[in-house]
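>>> Here you go, sequence then predicted model.
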Amino acid sequence: MITFVDASAQSRRKPGVIPLHGEEGFAGMRKAGALTAQALDILTEYVEPGVPTSTLDKVAYEFARDNGAIPATLFYRGYRHSLCTSINHVVCHGIPDERPLREGDIVNIDLTLVVDGWHGDSSRMYPVGEISRKAERLIEVTYDSLEAALQVAKPGNTTGDIGAAIQTLAEGERMSVVRDFVGHGLGKLFHDEPNILHFGTAGTGIPLKPGMIFTIEPMINLGKPHVKILSDGWTAVTRDRTLSAQCEHSIGITETGCEIFTLSPGGLFNPMKSRAAA
Ligand code: MF3
Ligand code: CO
Ligand code: CO
């Protein structure tokens with residue numbers, strides 16, 4: 001059985017209970033999401049051959065500090081950085097370091113800024129210089145899969161409709177969906193109910209209700225879906241070492257559809273679209 005609860009009414013939540021947020025939550029998420037998106041926009045100009053990902057981490061840290069925000073990942077479960085940088089065959093949770101980015105790399109930057117206690121969680125792909133045609137296709141399909149998911153993120157549908165939309169799109173292009181990481185509810189908590197699987201069967205799962213706030217963050221691989229975690233305990237890579245891409249929005253379900261909290265103010269969310277326009 002699925003139960004829902006007014007998010008503002010309960011501070012300690014039982015597992016399996018899905019919080020429904022009101023105007024206060026949506027207002028908080030709008031602010032946090034906008035600041036996260038602004039930071040991801042600013043990072044665009046730093047992603048270049050020769051730049052180490054530690055520079056991106058520093059830029060995000062200073063941006064957060066200067067704007068009254070806290071990076072949610074800093075000291076989260078022992079993680080010590082302001083963002084994740086996942087390059088090429090890294091699926092997610094790549095740790096920023098001193099190694100320089102190289103022409104042709106594709107990097108996902110995943111950032112969560114906390115503003116007034118609300119978490120804005122988003123990630124995007126950043127091509128480093130010229131990238132291969134197959135990397136471009138992977139990024140296009142990954143963004144198309146998120147777009148397909150957003151189309152069905154509305155009352156009357158279920159979490160399974162979201163997963164099915166992503167899986168159908170990606171597998172239709174002979175790519176695969178990573179199973180080991182999921183989208184998640186968020187708000188005053190970084191990770192909350194419900195889990196949002198990026199694969200599944202239409203019509204199954206949890207019915208979407210106005211007030212639900214969660215991320216959709218598909219990870220799509222050119223090869224097989226399987227991942228392994230490196231010995232640092234964080235970095236997830238494709239087992240077959242094929243390229244992986246991801247993009248993520250934080251959204252809220254409304255009466256008629258969804259509100260995207262992490263839209264790029266500069267129209268830079270999809271690098272394939274913003275590059276074509278430039
Ligand atoms: N931002 C990631 C997400 O989308 C979580 C990163 S946790 C970290 O849920 F510790 F790896 F940074
Ligand atoms: Co994220
Ligand atoms: Co997330």
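The structure has been received and is ready for your questions. Given the structure is predicted, the values throughout are model-derived calculations rather than measurements. Ligands and ions are numbered 1, 2, ... in the order given.
>>> Going by C-alpha atoms from here, please, whenever you check contacts or count neighbours.
Fine.
>>> okay, now G266: neighbour count?
Around G266 there are 12 other residues, counting by other C-alpha atoms under 10 Å.
>>> Not counting sequence-adjacent ones, nearest residue to the residue nearest to the spatial centre of the chain?
Centroid-nearest residue in the chain, with C-alpha atoms, centre = their mean: E248, separated by 2.5 Å. Using C-alpha to C-alpha, 6 or more residues apart in numbering and skipping residues adjacent in sequence, the residue nearest E248 is E217, 4.0 Å away.
>>> ok, how many other residues are close to the one you found?
Neighbours around E217, by other C-alpha under 10 Å: 28.
>>> isn't it right up against D144?
No - using C-alpha atoms under 8 Å, E217 makes no contact with D144, being 12.0 Å away.
>>> list residues touching both of the two?
Listed contacts common to E217 and D144 are nil; contacts here mean C-alpha atoms under 8 Å, 6 or more residues apart in numbering.
>>> could you list every residue that touches I196?
Under the criterion of C-alpha under 8 Å, 6+ apart, the neighbours of I196 are T159, I162, G163, V182, G183, H184, G185, F214, T215, I216.
>>> Closest one of those residues to S132?
S132 has its nearest neighbour among those in I216, at 26.1 Å by C-alpha to C-alpha.
>>> The nearest residue to that closest one once chain neighbours are set aside and I251: what is the separation?
Leaving out its chain neighbours, the residue that sits closest to I216 by C-alpha to C-alpha, 6+ apart is G183, at 4.9 Å. Noted for G183: a distance of 11 Å to I251, by C-alpha to C-alpha, to the nearest Å.
>>> Out of those two, name the residue with the larger neighbour count.
Neighbour totals were compared for G183 and I251, and I251 leads with 29 against 22 (other C-alpha under 10 Å).
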